[in-house]
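*Asks:* Quick one, what's the 3D model for this:
(chains A and B)
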Amino acid sequence: MKLDNVFKKTRLASGRKGYIALNSARPEVPEGLLRKCNKCGSAIIAEDVKSDYYICPKCGGYFRVHAYRRIEMVADEGTFEEWDRELVTPNPLDYKGYEEKIGSLKEKTGLEEAIVTGKACIDGTETVLGVCDGRFLMASMGEVVGEKIARAVERATAERLPVILFACSGGARMQEGIVSLMQMAKTSAALKRHSDEGLLYISVLTDPTTGGVTASFAMLGDVILAEPKALIGFAGPRVIEQTIGQKLPKGFQRSEFLLEHGFIDGIVERPQLKETLSQILTLHEEKGSTTAVEESDLSDGELTSKGMEITNSLAEAWDRVQISRMNDRPVGSDYIRELFTDFIEFHGDRYFADDKAVIGGVARFRGIPVTVIAQAKGTNTKENIERNFGMPSPDGYRKALRLMKQAEKFGRPVICFVDTPGAFCGLEAEERGQGEAIARNIYEMSALKVPVLSVIIGEGGSGGALAMAVADEVWMMENSVYSILSPEGFASILWKDSSKAKEAAGVMRLTAEDLYRMGIVEQVFAEPSRYTVENLKEVTHKLASGIEQFLIRYGQMSAAELTAHRYERFRRI
Amino acid sequence: MIKKVLIANRGEIAVRIIRACREMGIETVAVYSEADKEALHAKLADEAVCIGPAASAESYLSMDRIISATIVTGADAIHPGFGFLSENSRFAELCEQCNITFIGPDSKVIAKLGNKQEARNTMAAAGVPVIPGSTEPIYDAAAGAVIAGEVGYPVIVKAALGGGGKGMRIANTPEEFERSFQTAQKETQMAFGDNTMYIEHFVQHPRHIEFQILADHYGNVVHLGERDCSIQRNHQKMIEESPSVALSDELRERMGEAAVKAAKAAGYQNAGTIEFLLEKSGSFYFMEMNTRIQVEHPVTEWVTGIDLIKEQIRIASGRKLAFAQEDIHLNGHAIECRINAENPAKGFRPSPGTITDMYLPGGKGIRIDSAIYSGYTIPPYYDSMVAKLIVWAKNRSEAIRKMQSALGEVIIEGIDTNVDYQYEILGRPDYLSGDIDIEFIAENEEALHRALYR
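*Replies:* This next block holds a predicted model:
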């Protein structure tokens, strides 16, 4: 049955149309009640946006946030103390109309300049905070912005406080010319001094971060976070398009693009930002020496005897090679999850890419912060493809090195998990200097001023493995292997026949047992007969007490003792 | 006076409101989703505006779209019906901000009554009985036993952090208390790592009795008697009736007074419902107040002769109530059965689809509020209730027979419905004798299934 135009409608009494309401307030939407999302174009209720971290409830797009709102979002209530609000904007070029422009912006925004700096607590941790406000000349960096950052950073250095800067800026301020350019140097230099004191700087990039700000303080964080989909770049997309005469691809210069290209540590959703900052801050709190491992119930009495434990002494080398490659064997991420708490992953090498064949970040081991780096195989085919079957590219080694240097700066021990068939063998890897990347890691690791432990959990394939195993001690799982080359490769080079891999394995001395006897590794951990995540705990239980003793022992050593010991370890071979 | 109402709802309630407006000479605007192009409410209203895709969140729950539709069509009031935005204080507030008359109470009242704890406190302070319970956390059995004595047996011991039935024990007598408390506390400690307990009076086999009230803007509040909604499945009401066989005139007066007191304490305006749990002992406790028109409002309309939707609109227009409490008399007996597009044989799973043929009964004392017609396709996106069958007769037994007769006539082809299931309920001895409580369906489910699908 079709019901179109079948029903009679209400007929109004005559004269009703001309009716004048006594109550003259006609229904209307008052100014400011609704607003339009500039991302999806939908009408949204302004109040909802405010109460929901300034995120569009329809499309999830992020609105730009005023500086003081941002401070409210991340700082503990009532803890913010503003600094240097009174600084006066100069007009070094005597640029016409500049003072008037500044004057009217001050009036309109209630701000004195484009950045608000000061001190606040985040979940109780004191930190210096600087927040750009895009309403003020697109938060461009003129003298006052530079000066406020420099002063805040200097004060943080003097008071030994971390610094968090929220970037949101068009870049240098044209109206102040060369003086503005110099702010890039001033802010960067102040941050360098802060960093040299071993202090933490977290940079948070928000939409948009471009030009001279990107090319100075924004990109210098020990940790660089970004909000989703923020525009981040040096040259603006329009300038690039005009210069090269090409249309830029979708997503170019967005946070996700930068993450993929290794320039930021992570993308954090606004509602999680405070929690993430707080976690990073507490992981970097200065707390005496690294030996302060929380004594666990485990450590008493159950000191693992150093040395070799083997369950299946009858297995042949080739059997072990095959076991080490089993695809249900625990992988790096399993060990991280099982052994550590508060793990926060940091991405990227800051040069070219974020190699997913290497996972790295900071975590706690029984309370103390450590840097954890793992060569990462996947747990299924899809993840394996994503992680390139655990074969790192130069970018992976450079990420690992970056995180190790960061550990050195903050005095954190480094724990590496080695599990790779070998460094990735490919065109792009060579183009970006695979050999250089491995060499650099070996070189730098040999003199790293903090304790380094490497655990070979599966395949220890050649230079690709060594680039994460120049450590104070190297440990192996019973059925892991560590060799100059894969048995297939060995047979192919020496006997011109890769099918003789089994025999090759027999002569290569690649098993944990052989390597222990040769003094290449210090400890061997027994494995359950069928080793999977199901019984991972049996191994990590012992591994954990080993790590605890390692940290106590090496944590007591000075940097000179550590590097001397590490030098000797390889020198004697 | 309101001249044009936008109905922010769909289905039979939207149709019901359109009809009331039409009778009052008020223009109507329907809103509909893309899935409801052929819905009766959209066809029946003077104007209809499509407000978005099928998903409720993007249509019937989209506040900004509904407000925009109101402004664009020049409506001066919104009737929210039930469900959707009807008890959303934010929406009511938005209407207030936009100078649109929200046909319902003030946004602040909705917010206050929507908060369970605040509502309970308001009622307790006004002297409306609430379920007695401990006000402080309890950690040991001895202290608990004292409180249990005060709140009255049977009591239920609950974990402060509880949920999912863990850490809950019932003690019927003081003798049982210590053991129940300790078992519950042990469970709580294991499940939540905490041993904080609460004690509440356990209301056994209660009836769900609710009172309809009307309140104008001048402090006049009346109640329109009760509805017994004890026949429910998984907290979904199935059959409602008025009056309830469980209420003597004296009890009705006491509960009615409590309901009026509750509405006054909340500063309530417009139509509302106070839900109580009624124990066999005659004790009753405030559960919650619904700040909207209810599905089962027709049974009250029938026994009181008052059109609740029209009263809602009059009150919202600023009119005084035209009657006082002494003018309200319950006459005869009304029963409502909710007809849902669902399959009781298959766990009551929804049964959307096209109605190929349809015949609905009529005659004296039969009322059908529905939005379905022959050839209509019930979309799968919304509530499965498609019609309400309401009957009136001089007394309960005659009303039951009338309902049975009417249900027996209903033909809805093309989809599954719960009509036979309802018919079967009406034939259960406990239903006929009026010995019902909220456990009725749970206790009769097996027998009903056996009778229907053996």
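*Asks:* from here on, contacts and neighbour counts on C-alpha atoms
*Replies:* Noted.
*Asks:* Residue 435: which element?
*Replies:* In the absence of a named chain, this looks at chain A. Here A:Gly435 sits within helix A:434-445, counting by DSSP states H and E.
*Asks:* mind checking pLDDT for A:Lys306?
*Replies:* On pLDDT, A:Lys306 comes in at 65.
*Asks:* May I have the secondary structure class of the residue in the stretch 351-454 of chain B positioned nearest to chain A?
*Replies:* Of all residues in the stretch 351-454 of chain B, B:Gly375 sits closest to chain A, at 5.4 Å by CA to the nearest CA. Secondary structure, DSSP: H, G, I helix; E, B strand; the rest coil: B:Gly375 is coil.
*Asks:* pretty sure it is touching B:Thr354, no?
*Replies:* Yes. Using CA atoms under 8 Å, B:Gly375 is in contact with B:Thr354, at 6.2 Å.
*Asks:* Enumerate the residues of the stretch 351-454 of chain B near chain A.
*Replies:* Within the stretch 351-454 of chain B, the positions adjacent to chain A are B:373-376 by CA under 8 Å from any CA of the partner chain.
*Asks:* Which of the residues you listed sits closest to B:Gly318?
*Replies:* B:Tyr373 (36.2 Å; CA to CA).
*Asks:* number of nearby residues for the closest one?
*Replies:* B:Tyr373: 21 surrounding residues under other CA atoms under 10 Å in any protein chain shown.
*Asks:* Hmm, B:Thr356 and it touching each other?
*Replies:* No. The criterion here is CA under 8 Å, and B:Tyr373 misses it with B:Thr356 at 9.0 Å.
*Asks:* Direction included, what does the longest strand along chain B pair up with?
*Replies:* Counting residues, the longest strand found in chain B (DSSP state E) is strand B:221-233. Paired with strand B:221-233 in the same sheet, following DSSP bridges, are strand B:207-215 (antiparallel), strand B:236-242 (antiparallel).
*Asks:* Taking the stretch 151-300 of chain B, what residue is nearest to chain A?
*Replies:* Closest point on the stretch 151-300 of chain B to chain A, by CA to the nearest CA, is B:His217, at 16.9 Å.
*Asks:* hang on, that residue in a helix?
*Replies:* No. Secondary structure of B:His217 (three-state DSSP): coil, not part of a helix.
*Asks:* That one and B:Gln312, how far apart?
*Replies:* Distance, B:His217 to B:Gln312, by CA to CA, to the nearest Å: 11 Å.
*Asks:* which residues of the stretch 1-150 of chain B score low on pLDDT?
*Replies:* Residue ranges of the stretch 1-150 of chain B with pLDDT under 70: none are present.
*Asks:* quick one, helices of the stretch 251-400 of chain B?
*Replies:* If DSSP state H, counting those that start in this stretch is used as the criterion, the helices of the stretch 251-400 of chain B fall at B:297-304, B:308-316, B:396-409.
*Asks:* Which of those sits closest to A:His66?
*Replies:* Between A:His66 and those, the tightest spacing by CA to CA is seen for helix B:308-316, at 40.7 Å.
*Asks:* List of residues touching the closest one?
*Replies:* B:1-2, B:17, B:20-21, B:24, B:101-104, B:215-217, B:269-271, B:293, B:297, B:301, B:320-321 (CA atoms under 8 Å, 6 or more residues apart in numbering or on different chains).
*Asks:* rerun at 7 Å
*Replies:* Contacts with helix B:308-316, where a contact means CA atoms under 7 Å, 6 or more residues apart in numbering or on different chains, come from B:17, B:20, B:103, B:216, B:270-271, B:301.
*Asks:* now stretch B:24-41
*Replies:* Contacts of stretch B:24-41 (CA under 7 Å, 6+ apart): A:10, A:12, B:3-8, B:10-11, B:14-15, B:18, B:21, B:42, B:45-54, B:59, B:371-372, B:379.
*Asks:* Can you flag which of the residues you listed belong to strands?
*Replies:* B:4-7, B:47-52.
*Asks:* wait, what's in contact with residue 210?
*Replies:* Here I'm looking at chain A. Here A:Thr210 is in contact with A:169-171, A:232-236 (CA under 7 Å, 6+ apart).
*Asks:* nope, chain B
*Replies:* B:226-228, B:273-276.
*Asks:* out of the residues you listed, who's nearest B:Ala160?
*Replies:* Looking across the contacts of B:Glu210 and measuring by CA to CA, the closest to B:Ala160 is B:Phe276, at 23.7 Å.
*Asks:* Report the closest residue of the stretch 101-250 of chain B relative to chain A.
*Replies:* Checked against chain A (CA to the nearest CA), the nearest residue in the stretch 101-250 of chain B is B:Thr101, 8.5 Å away.
*Asks:* does that residue really touch B:Ala77, like I thought?
*Replies:* Yes. Counting by CA atoms under 7 Å, B:Ala77 is a contact partner of B:Thr101 at 4.3 Å.
*Asks:* returning to that earlier point: of the contacts of stretch B:24-41, select the buried ones using a ChimeraX command.
*Replies:* In ChimeraX, this line selects whichever of these come out buried by 16 or more other CA atoms under 10 Å in any protein chain shown:
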select /A:10 /B:3,4,5,6,7,8,10,11,14,15,18,21,42,45,46,47,48,49,50,51,52,54,59,371,372,379
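*Asks:* So chain A: which segments form each domain?
*Replies:* Annotated domains of chain A cover A:31-63, A:64-283, A:297-571 [automatic domain parsing].
*Asks:* Kindly reformat those as TSV containing distance to B:Leu251.
*Replies:* As requested, the domains of chain A are exported to TSV (distance: least, CA to CA, whole Å):
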stretch	distance to B:Leu251
domain A:31-63	46
domain A:64-283	52
domain A:297-571	61
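*Asks:* for those, which one sits closest to B:Leu360?
*Replies:* domain A:31-63 (42.2 Å).
*Asks:* which parts of the helix or strand containing A:Pro271 are buried?
*Replies:* Using DSSP H and E, A:Pro271 sits in helix A:270-283. Neighbour counts over helix A:270-283 (16+ other CA under 10 Å) mark A:270, A:273-274, A:276-281, A:283 as buried.
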